[in-house]
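S.K.: I would like the atomic coordinates for the input below:
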Amino acid sequence: MRALVVDDEQSITQLIAMTLRYEGWEVETAESGEEALEKIKAQAPDVAVFDIMLPDLDGMKLLSRVRSEGWMFPVLFLTALDSVEDRVNGLTSGGDDYVAKPFALEELIARLRGLVRRSQVAHAQQPDPVLRVGDLTLNEDSYEVERLGQPITVTNTEFELLRYLMRNPGRVLSKAQILDRVWAYDFKGKSTVVELYVSYLRKKIDSGFEPMLHTVRGAGYMLKPVS
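M.R.: Now for the predicted structure:
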């Protein structure tokens, strides 16, 4: 099992990480929301612990960002706030569980195990991971892309761009939205990188076929099935 522990108190992250590693887990740690997002982009965990009080994004905003990117791994909030309102806010924002500081390590580990078990059951009940728009398919598990059964080789960035477009078929997505979703949210590059990667992707998915990837002047880009 892979876990991500996000807390700006090193003593807490080290304690949780050490305990989980002793239990045989692979553990990554982060001290800020920005660092957490970078680690998630590199490899999404099976479960995560988010402290609500972080130096940049608070834990709820971090979770909102994670969910908007399409990552659905379970998240346990860890915080010094323990009012009923705080617990309700944490759970209704998309969190899966809530533990207040100070906490018992045994309880925290047991809750994480329970979240992973429930997540695995839910995943087993989900439909196949293939996105389909017209004759174009993308497999989110195997990272395979095909059009009319013909395999298309894409880079990781091209895959993420195509996945975002395929999750929003027929919708115009601005360059700003694409930068925000496909690249790290703190990416300081210019929108020209979007134009460049759209060009790369268009050559791969539309070459020899009727175009699916369209430029909407002054607005952005849209992927739609061939009518």
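
S.K.: Name the surrounding residues that touch stretch 196-207.
M.R.: The set of residues external to stretch 196-207 that reach it, using CB atoms under 8 Å, 6 or more residues apart in numbering, is 136, 145, 147, 152-155, 157-158, 161-162, 182, 211-213, 215, 221. For glycine as for every other residue, the C-beta is placed from the backbone atoms N, C-alpha and C.

S.K.: ChimeraX command to pick out the buried ones of the residues you listed?
M.R.: Buried subset of these, written as a ChimeraX selection, criterion 16 or more other CB atoms under 10 Å:
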select :136,145,147,152,154,158,161,162,182,212,213,221
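
S.K.: Among the contacts of stretch 196-207, which lie within strands?
M.R.: Counted as lying in strands by DSSP state E, out of the contacts of stretch 196-207, are Leu136, Val145, Arg147, Ile152, Leu213, Thr215, Tyr221.

S.K.: Show me what the second one is bridged to.
M.R.: Bridge pairing for Val145 (DSSP bridges) gives the partners Leu138, Ile152.

S.K.: Would you confirm that it contacts Thr155?
M.R.: No. Counting by CB atoms under 8 Å, Val145 stays clear of Thr155, with 10.9 Å between them.

S.K.: Could you tell me which residues make contact with the closest residue in space to Glu160 that isn't next to it in sequence?
M.R.: Once flanking residues are discounted, Glu160 sits nearest to Val182: 4.9 Å by CB to CB, 6 or more residues apart in numbering. By CB under 8 Å, 6+ apart, Val182 lies in contact with Thr157, Glu160, Leu161, Tyr164, Val194, Tyr197.

S.K.: again, but for Gly114
M.R.: Gly114 sits next to Asp97 when contact means CB under 8 Å, 6+ apart.

S.K.: make it 10 Å
M.R.: Val47, Pro74, Leu76, Asp96, Asp97 (CB atoms under 10 Å, 6 or more residues apart in numbering).

S.K.: Give me the three-state assignment for it.
M.R.: helix (DSSP: H, G, I helix; E, B strand; the rest coil).

S.K.: Okay, and the residue sitting nearest the centre point of the chain sits in which element?
M.R.: Closest residue to the average C-alpha location of the chain: Trp71 at 3.2 Å, with CA atoms, centre = their mean. Using DSSP states H and E, Trp71 falls within no helix or strand.

S.K.: How about it, nearest residue that isn't a chain neighbour?
M.R.: Closest to Trp71 by CB to CB, 6+ apart is Ala44, at 5.3 Å.

S.K.: Flag the shaky bits of this structure, pLDDT-wise.
M.R.: Scanning the chain for pLDDT under 70 picks out the ranges 81-94, 120-128, 184-190.

S.K.: Would you map the helices across it?
M.R.: Remark: helices assigned in the chain by DSSP state H are 10-22, 33-42, 59-68, 84-92, 105-125, 156-166, 175-182, 192-205.

S.K.: need those in a markdown table with distance to Arg132, can you?
M.R.: A markdown table is the format used below for the helices of the chain (distance: least, CB to CB, whole Å):
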| stretch | distance to Arg132 |
| --- | --- |
| helix 10-22 | 38 |
| helix 33-42 | 25 |
| helix 59-68 | 22 |
| helix 84-92 | 32 |
| helix 105-125 | 20 |
| helix 156-166 | 8 |
| helix 175-182 | 20 |
| helix 192-205 | 13 |
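
S.K.: so which of these comes closest to Met1?
M.R.: Evaluated with CB to CB, the helices of the chain place helix 105-125 nearest to Met1, the distance being 5.8 Å.
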